[in-house]
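Visitor: Predicted model and sequence below, questions to follow.
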Amino acid sequence: MVLDLGFNGSGVQDITDAAGVPKGSFYNYFDSKEAFAGEILEEYWQSIEDRHGPILYDARVKPLKRIVTFFHAISTDHAQHNFALGCLIGNLSLELSNNSAETRRKLSGLLARWESALAETLREAQERRELSEKSDPGVLATIIVEAYEGAVMRAKVEQNGAALERFERAVLPRLLT
């Protein structure tokens, strides 16, 4: 629902109706609507980690190939929804970061988890001499996430996968050299 309507477009009544629970029970589970945002963000990212995270740790595959495969898998998720939904992390970053310090902290933490997993894989690529020792894995991971989130946002606007294809074919290979 929040992916479809946005956080501000989804009222507590809409959320409880979708969950099939009385409106009054919302605050039995969440202290605030912002606490709800934190929980759905956690659930969203955890589902990505559960489905696609193992790709980054598959030692049978070269580290840089794992990163490419990981982003392709996430892009495939976006394609299943015709690129119309975007990324909940990006969507709520744009919608709530100026209004909710609690949500901003949660978003920062999720981005850090994502970047940490990528940085670990990039460090392994350096150890295997796939990636230049001159690259800073932490900085590179951050740049990759920023570039991907921008591509997802554009894919949502255009409702097609062209931006994600450009990310996979042009941006990511340049960053991983």
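Guide: Nice, thanks for sending it over.
Visitor: need the helix or strand of this structure with the lowest average pLDDT.
Guide: helix 2-5 (a mean of 69; mean pLDDT, DSSP states H and E).
Visitor: so Lys134, which of the three states?
Guide: Three-state assignment for Lys134 (DSSP: H, G, I helix; E, B strand; the rest coil): coil.
Visitor: for Val61, same thing?
Guide: Secondary structure, three-state DSSP: Val61 is coil.
Visitor: How about the one 10 residues further on?
Guide: Judged by three-state DSSP, the three-state class of Phe71 is helix.
Visitor: Determine the number of other residues adjacent to Pro173.
Guide: 12 (other C-beta atoms under 10 Å). For glycine as for every other residue, the C-beta is placed from the backbone atoms N, C-alpha and C.
Visitor: Next one: it relative to Gln159, how far apart?
Guide: Going from Pro173 to Gln159 by C-beta to C-beta, to the nearest Å gives 25 Å.
Visitor: now do Ala84
Guide: 5 Å.
Visitor: wait, Ile89 sits on Leu107?
Guide: Yes. Using C-beta atoms under 8 Å, Ile89 makes contact with Leu107 at a distance of 6.2 Å.
Visitor: can you list residues touching both of these two?
Guide: Shared contacts of Ile89 and Leu107 (C-beta atoms under 8 Å, 6 or more residues apart in numbering): Leu41.
Visitor: what about Phe7, how many residues close to it?
Guide: Residues near Phe7, counting by other C-beta under 10 Å: 22.
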